[in-house]
Structure formats: C-alpha cells, structure tokens
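Engineer: Take a look and give me a structure for this.
(chains A and B)
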2 protein chains.
Amino acid sequence: MPIDPQAETVLVALKNVPAFAHGLVRDLRVRWALEEIDRSYRTEIYEAMTPRPDGYREAWQPFGQVPALEADGVRLFESGAILLHLGEQDERLLPREPQARGDAYSWLIAALNTVEPAVMDLQWVDVFRAREGWTKEARPGFVDFLRVRLTHLEEAMEPDTWLAGTFSIADILMVTVLREIRHTDILDDYPKLKAYKERGEVRPAFIQALADQAADLGAPIKLGEPA
Amino acid sequence: MPIDPQAETVLVALKNVPAFAHGLVRDLRVRWALEEIDRSYRTEIYEAMTPRPDGYREAWQPFGQVPALEADGVRLFESGAILLHLGEQDERLLPREPQARGDAYSWLIAALNTVEPAVMDLQWVDVFRAREGWTKEARPGFVDFLRVRLTHLEEAMEPDTWLAGTFSIADILMVTVLREIRHTDILDDYPKLKAYKERGEVRPAFIQALADQAADLGAPIKLGEPA
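Structural biologist: As a prediction, the model looks like this:
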C-alpha cells in the first residue's frame, strides 16, 4: 500500500473523471509501477473537467495533462517518461540484461507510438467526436488500421510470458493501452492479447493501483474487477 | 561520415519511398543520432512499397516498420527505443544530470505520444486517406486539436536552447515530428517552434543524416536543403 500522505514522491492525478475514462487515466500506469516496487507516494489531485489552474503547465505538465511525478528531486511528465525514470532505479521494472532491456525499450515505445495512436483514433470516433457527422464513415478504416496493429502484436506475442521476458514497464504500457478498447469487443479476436491483458490485470500491484485511482477519482471500483 | 559498409552497427531502412515521405521516414532519427556521436553504421535497405520479406517481422520489427537497429549485440526497434539505447551510451545524446535527463525523457515521450499522434491524424486526412469522403469534414477538428498541442509546446519552448537544456534525443524526436506537417503552413503561426525546428535542421549531423537517407532511398536531396 504505497499511498502515504507523508511520502516525498508526488504523483499528479485527476478526480471527477467522466465514467468512460474510469480506470483508464494514465496516472494508473505510474501507480502500478510504484506498487510493483512498493514505493510510497502521495497524490496531488486536480479536477478533470475544468482547466488546470494557472501555473499548472509551467510547474507540472506543459500540455495540461496528467500524470506528472516529483521523485528523487526530479520532475517528470508523460507516463512513459516516468516509467523510464522508475525503471532505471529498479530492475523489477526494467531488466538489466542488454537484450531484455532493449526489448523493454522497443515494446514500451511500440505501445506508445505504434499501438496507442491507433487505439486513440478509435476512441476519437467512438467517444470524443462521436456526435460529429464524419465519424460513422471513418470508423471502419480506423478499425481496420487498429486490427493490422493488433494482428501483428498477436503474432509476436509469446504465450505465458512478458514482452521483455520478465515483467517490465513495457507491459505496464501495453496492458494499459489494450484496456483502452474495452468499449468494443475487438480484443476477443486476439486470444493471446486478451490473455496477456488479463494476466496484467490480476497482478496485485495492478489491482491495488486501480483501487487507489478509483478512490482518488471518487468512483468506487471493486478490487479485482477490471474497470 | 559514419556510413561504413564494414560497420558492426546495422540500421534497417527503406528505398523507393513515395515523394511525400522523402526526408520523413523515421530511420532519419537514428541516422541523426549516430551522426551526432560519430558512430559508424551500415544500412540494410528494404523496398518501401512491397511487403517486407518473410521473416522480417520476426527478425527486425514486429509491425513491419522501419527503423530497426542491431548495435552492441542488441536488436531494437522503434526510433524512440533506439534513441534511448544510444542515449544511455553517450551523454551527447542524453544528459546525465538528473533533472536534465528527466526532461529529455519527458519531452521524448511527449513528442511520440502527445504531439506525433495529432500530427499523424493530419497526415491521415491529408495524405493516406485523402480520397475518402469523410476527411474534408474531419480535417478542421484535427487541425484544431493539433493547434492546441502546438500552442502549448510554443508556450513551453525556451528560445535559443534545447528541450532538456542541452541538445538530446528529445530534440531529435521533436524536430523530426514537427517536420511531418511541412505539407501545411501551420508552423508559420508558431515562431518559436519554427525557429527551433530550423535550428535542428542546420546541425551538421542532421544535414549528413538527411543526405545519407536520400542516397539510400534513391531521392537526391541537396545538402543543407530541408527535404
């Protein structure tokens, strides 16, 4: 239970997030990593649906997003960057053997720059722009593009292991990215990916991180029940 | 001139790329980093417009993309991951002071996961899906979204310096991402970003990397002339 109001490590997160995003906001990735290494942190919580206060972008996050982290006297933003920082400090998050470390880097960036953009486009047409006229016509192409990515990922996925051989920050990224299409049944067509995501979601660190995020954003989520 | 047919470091890149993408294919980022540290490499070149050969995805890149790199006995894919690997080895690419290193991580990931997805969506409607009916209606919303990102980036950008204080892999990423909207005049509205991009493009390592990429893909680009 690394949440500790006296902790020196500060995680910036949100409350009053719309229901669609419960359990998806990207501070979950940082909480999960901190739980995996049992590192205490406290949260600084902002309102999701109003602009961040003056000074937020200068102090924490130039784009007004979450998460941001203060740890070890360093401020970082972007979940991937924060995980790299934490991974450098603890091999439970980032393996030290050179090829495994390279694999962790490769898959971490693949999650952020090859898979997640395709996922975000589907969220764009299904959620954020759903009321605009063009989304119905655009959606099949977006789904097809995402399916190409998922097919390649499925084919590359080894059963019963993690992307870099051992569990790493790459898995925190890829599992949380795969969760972002939970409003569809697309993942049902990719059994290895579905099993992989579920193996991530039953890790005690994930379950605790999800519960702590839910508590902070005011949305009760039952332990062990994917949000 | 780090290209050396005998080099142990192998970069996977493309030839016969469509004109739109000349000077944009992401192996440029790796070439630029290798030039900055004067590290020799040789290239392994594939046809852009035909599927990669059997075994390519298993050997080099699970999604069939470029770049991929073999260096120091390690294979990596995704330009961001390759830059992280190279940055670990040379502080000219990744500063060692903790906050500067954290800044480099934060901005590298911001380029890949916050700025580039918005850029890619504009390329999607302007280039890759331009003939589909929905793109005309979708485009203004995509431009607006990108402009929010660019406005925030402009406001965060310090004149006459680099994102992490000294030049780093974050700048290689952000400069090459900003180049991806060169088919529009959008960047004219962001003078600090435009100047920043141009400061990247006049670095000798960038100029050499661009020339070497052009030579490999069979598209002559004059030295010092942004492609």
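Engineer: CA only for contacts and neighbour counts going forward, please
Structural biologist: Noted.
Engineer: how about the residues of chain A near chain B?
Structural biologist: Along chain A, the residues adjacent to chain B under the rule C-alpha under 8 Å from any C-alpha of the partner chain are A:58, A:62-63, A:73-78, A:80-82, A:84-85, A:98-99, A:102-103, A:105-106, A:108-110, A:112-113, A:117, A:133-135, A:137-138, A:149, A:152-153, A:156.
Engineer: After the one helix or strand residue A:195 maps to, which helix or strand is next?
Structural biologist: Under the criterion of DSSP states H and E, residue A:195 resides in helix A:191-201. Downstream of helix A:191-201, the first helix or strand assigned by DSSP H and E is helix A:204-217.
Engineer: for that following helix, packing partners?
Structural biologist: Counting contacts by 3 or more C-alpha pairs under 8 Å, 6 or more residues apart in numbering or on different chains; DSSP states H and E, helix A:204-217 is packed against strand A:10-15, helix A:27-36.
Engineer: and residue B:3, which of those is closest to it?
Structural biologist: The stretch from these with the least distance to residue B:3 (C-alpha to C-alpha) is helix A:27-36; that distance is 39.4 Å.
Engineer: Could you figure out how far the helix holding residue A:195 is turned away from helix A:204-217?
Structural biologist: With axes from the mean of the first three to the mean of the last three C-alpha atoms, to 10 degrees defining the directions, helix A:191-201 sits at 70 degrees from helix A:204-217.
Engineer: Send me helix A:191-201 as PDB with only the CA atoms.
Structural biologist: Output for helix A:191-201, consisting of C-alpha atoms alone and laid out as PDB, is shown next (Å, rounded to 0.1, in the frame of the first residue of the first chain):
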ATOM      1  CA  PRO A 191      -6.800 -14.600 -27.800                       C
ATOM      2  CA  LYS A 192      -3.100 -14.200 -26.900                       C
ATOM      3  CA  LEU A 193      -3.500 -10.500 -26.400                       C
ATOM      4  CA  LYS A 194      -6.600 -10.900 -24.300                       C
ATOM      5  CA  ALA A 195      -4.900 -13.400 -22.100                       C
ATOM      6  CA  TYR A 196      -1.900 -11.200 -21.800                       C
ATOM      7  CA  LYS A 197      -4.000  -8.200 -20.800                       C
ATOM      8  CA  GLU A 198      -5.800 -10.300 -18.200                       C
ATOM      9  CA  ARG A 199      -2.500 -11.600 -16.800                       C
ATOM     10  CA  GLY A 200      -1.600  -8.000 -16.200                       C
ATOM     11  CA  GLU A 201      -4.900  -7.100 -14.600                       C
END
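Engineer: Tell me the helices and strands packed up against it.
Structural biologist: Using 3+ C-alpha pairs under 8 Å, 6+ apart as the contact test, the elements touching helix A:191-201 are helix A:135-156, helix A:169-179.
Engineer: closest one to residue A:189 among those?
Structural biologist: Checking those against residue A:189 by C-alpha to C-alpha gives helix A:135-156 as the closest, at 9.1 Å.
Engineer: The closest one vs helix A:169-179, what angle?
Structural biologist: Relative orientation of helix A:135-156 with respect to helix A:169-179: 140 degrees, computed using the same axes, to 10 degrees.
Engineer: quick one: average pLDDT of helix A:135-156?
Structural biologist: Averaging pLDDT along helix A:135-156 gives 97.
Engineer: Which residues does that helix contact?
Structural biologist: The contact list for helix A:135-156, computed with C-alpha atoms under 8 Å, 6 or more residues apart in numbering or on different chains, reads A:114-115, A:118-119, A:121-122, A:125-126, A:129, A:190-193, B:58, B:62-63, B:133-135, B:138.
Engineer: The residues of chain A next to chain B in helices, which ones?
Structural biologist: Among the residues of chain A next to chain B, the members falling in helices (DSSP state H) are A:58, A:80-82, A:84-85, A:98-99, A:102-103, A:105-106, A:108-110, A:117, A:135, A:137-138, A:149, A:152-153, A:156.
Engineer: Can I get the buried part of those as one PyMOL selection?
Structural biologist: The buried residues among those can be selected in PyMOL (16 or more other C-alpha atoms under 10 Å in any protein chain shown) with this line:
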select buried, chain A and resi 80+81+82+84+85+99+102+103+105+106+108+109+110+117+135+138+149+153+156
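Engineer: shouldn't residue A:159 be in contact with residue A:192?
Structural biologist: Yes - counting by C-alpha atoms under 8 Å, a contact exists between residue A:159 and residue A:192, whose distance comes to 6.5 Å.
Engineer: which of those two has more neighbours?
Structural biologist: Set residue A:159 next to residue A:192 and count neighbours by other C-alpha atoms under 10 Å in any protein chain shown: residue A:192 wins out with 19 against 13.
Engineer: If you drop the residues flanking it in sequence, what lies closest to that one?
Structural biologist: Excluding its sequence neighbours, the residue lying closest to residue A:192 (C-alpha to C-alpha, 6 or more residues apart in numbering or on different chains) is residue A:154, at 6.1 Å.
Engineer: What is the neighbour count of that neighbour?
Structural biologist: Counted with other C-alpha under 10 Å, residues neighbouring residue A:154 total 19.
Engineer: try residue A:194
Structural biologist: Other residues close to residue A:194 by other C-alpha under 10 Å number 17.
Engineer: Contacts only, for it.
Structural biologist: A:187-188.
Engineer: go again using 10 Å as the cut-off
Structural biologist: Contacts for residue A:194 were tallied using C-alpha atoms under 10 Å, 6 or more residues apart in numbering or on different chains; they are A:154, A:175, A:178-179, A:186-188.
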